[in-house]
Structure formats: C-alpha cells, structure tokens
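1. Need a 3D model of the sequence below.
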Amino acid sequence: MEQVTILQTDEAIRLDQGKLGALYDRLGPSGAEDVVCRAMEELAARLSQVDRDYRAGRWAELRKGARALAAIADQMGMATLAQVGRDVTACVDAQDQVALSAVLARLFRSGEGSLTAVWDLQGLSV
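-> Got it, this is the predicted structure:
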C-alpha cells in the first residue's frame, strides 16, 4: 500500500518593517512610496523574467536575475524572498535541476506573498 503525503506550501512571509520604516524616515512618505512602488514593479518584472529564463534553459541569465531579485528584496526588507532568491542561485551553481524546480516554485510563492504583504503593510492601492 502506498501512502501519499501532501506537502504544505504555505509559509510565513518575513518582512523587516524596520528597513521600510527607515526608508520612510529618510525619504518622507511621498518619496518612499515612489521608491517602494518602483521596487515592487521591478520585483514583479524580475520574477517573470526568471520564469522565462528557466523555461528557456538560460541558466546564466536565470542566476543573474535571481541574484538581482534577492538584492532588491533584501533592500526592501523582504527577508524570505531574498533568501529564496539566494537559494535559487545556489541550485543553479550546483546544477541541481530537481532542487531548482522546487526552489523556483517557492520563489514564485514567496514573491507573490511578499509583494502582497508590502502592499497590505503600506496600505497602497494598485
């Protein structure tokens, strides 16, 4: 008899609200909101590009995109997304296709969750 285990794909999204708060303190509400909006757009675009690079087998571009995504996420206080982006680069470096597939799925889930969490935290509207 075989047993099927269903994996839970929900995880807590970690945001460093201190980094966002420091951004608002430094730039003021209007300037910080502009930076946050541009960063969110850039993260969404990079997530999409990472997906396209993976599907096309462009490993160097995928690695570069994941590193850039992790750096932006780190600056925005998106700790979970930044770590998963670094995990993607590690999988590319190890040439581990199975792990890469799983970690990319996590990247897209945490990317969506992180973007939503920042929008909700900031009270921004699309």
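2. So which elements touch the one helix or strand Leu107 maps to?
-> In the assignment (DSSP states H and E), Leu107 maps to helix 97-122. On a contact count with 3 or more C-beta pairs under 8 Å, 6 or more residues apart in numbering; DSSP states H and E, helix 97-122 meets helix 17-56, helix 59-75, helix 79-94. For every residue, glycine as well, the C-beta is placed using N, CA and C.
3. Quick one, which of those helices gets closest to Thr116.
-> With C-beta to C-beta as the criterion, Thr116 lies closest to helix 17-56 of the helices and strands packed on helix 97-122, at 10.1 Å.
4. what sits against the nearest residue to Ala44 once chain neighbours are set aside?
-> Computed as C-beta to C-beta, 6 or more residues apart in numbering, the closest residue to Ala44 that is not its neighbour in sequence is Leu115, at 6.5 Å. By C-beta atoms under 8 Å, 6 or more residues apart in numbering, the contact set of Leu115 is Met40, Leu43, Ala44.
5. Now with 10 Å, please.
-> Taking C-beta atoms under 10 Å, 6 or more residues apart in numbering, we find Leu115 in contact with Ile13, Ala39, Met40, Glu41, Leu43, Ala44, Leu47, Ala73, Met76, Met78, Leu81.
6. Same check on Asp51?
-> With contact taken as C-beta under 10 Å, 6+ apart, Asp51 is in contact with Leu62, Gly65, Leu104, Leu107, Phe108, Gly111.
7. Please pick the buried ones from the residues you listed.
-> Those of the contacts of Asp51 that meet the buried threshold are Leu62, Gly65, Leu104, Leu107, Gly111, by 16 or more other C-beta atoms under 10 Å.
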